[in-house]
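> Structure for the following, please:
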Amino acid sequence: MLKLLAAGKTTREVADGTSWPRDRVVTLARAQKGWLLNTATDRVYDPDGGPVTLSVDIAELADTHLPFELVARAEASADPALRKLAATVRAALKDISDRLVNAREAALVAEQVARLQRELQALQARHRQLTGGRKAPDVSGVRPAEAKKRRTGIRAWAASQGLDCPKSGRIPKHVEAAYDQAHEGDQ
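Next up, the predicted model:
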């Protein structure tokens, strides 16, 4: 299967030719190091632009009976114990495959996060250059603990001022605006 995918066959063609479910072929393709799947063409590709290649150990395995082929034979067996064992093995192989795919995706996401953090640091440094050293604004929003502290402060202030403000739920905008105006110099 891997050789067929590396040769440019679509996952649908490989699934039809091997009687494997297409989602399993897709999972197998995504688990290969250095392979990505183009969902528009349904073909694997190398993100670096080179040809899709099999690692030496995978290429050697492709010439022998892969565990999946053995499981398929056991599933087709007349022996109920063998079919039950095949179901257990298939479930374990699916779990392994899913975990490998998740680990690979997590690694790719971690790389993206690191790249974005480097870009953010560069942009923050550029902002400091342009603004004479002032820190770039925090665009992440207010943290939940800070927001809770602020709401508690607004409610206490509103009560001391005789303003109608509920003890829970949304704080009326006019109360929040009055609090902000009264505490303008405190920030």
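> This protein: strands as residue ranges?
Taking DSSP state E to define them, one finds strands in the chain at 36-38, 43-45.
> TSV for those, including mean pLDDT and distance to Glu13?
Every residue, glycine included, has its C-beta placed from N, CA and C. Compiled in TSV, these are given as follows (pLDDT from 0 to 100; distance: least, Cβ to Cβ, whole Å):
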stretch	mean pLDDT	distance to Glu13
strand 36-38	85	14
strand 43-45	86	9
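> Redo these as JSON lines? Include mean neighbour count and distance to Ala114.
Shown next, in JSON lines, are the strands of the chain (neighbours: other Cβ atoms under 10 Å; distance: least, Cβ to Cβ, whole Å):
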{"stretch": "strand 36-38", "mean neighbour count": "15", "distance to Ala114": "19"}
{"stretch": "strand 43-45", "mean neighbour count": "19", "distance to Ala114": "23"}
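> Select, out of the ones you listed, the one closest to Ala107.
Across the strands of the chain, Ala107 has its closest neighbour in strand 36-38 (12.9 Å, Cβ to Cβ).
> Give me the sheet partners of the closest one and which way each runs.
Take DSSP bridges as the rule and strand 36-38 pairs in its sheet with strand 43-45 (antiparallel).
> now the protein, which segments are flagged as low pLDDT?
Scanning the chain with the threshold set as pLDDT under 70 gives 54-67, 136-142, 185-187.
> picking up where we left off before, so which of the strands of the chain is nearest Arg126?
strand 36-38 (32.0 Å).
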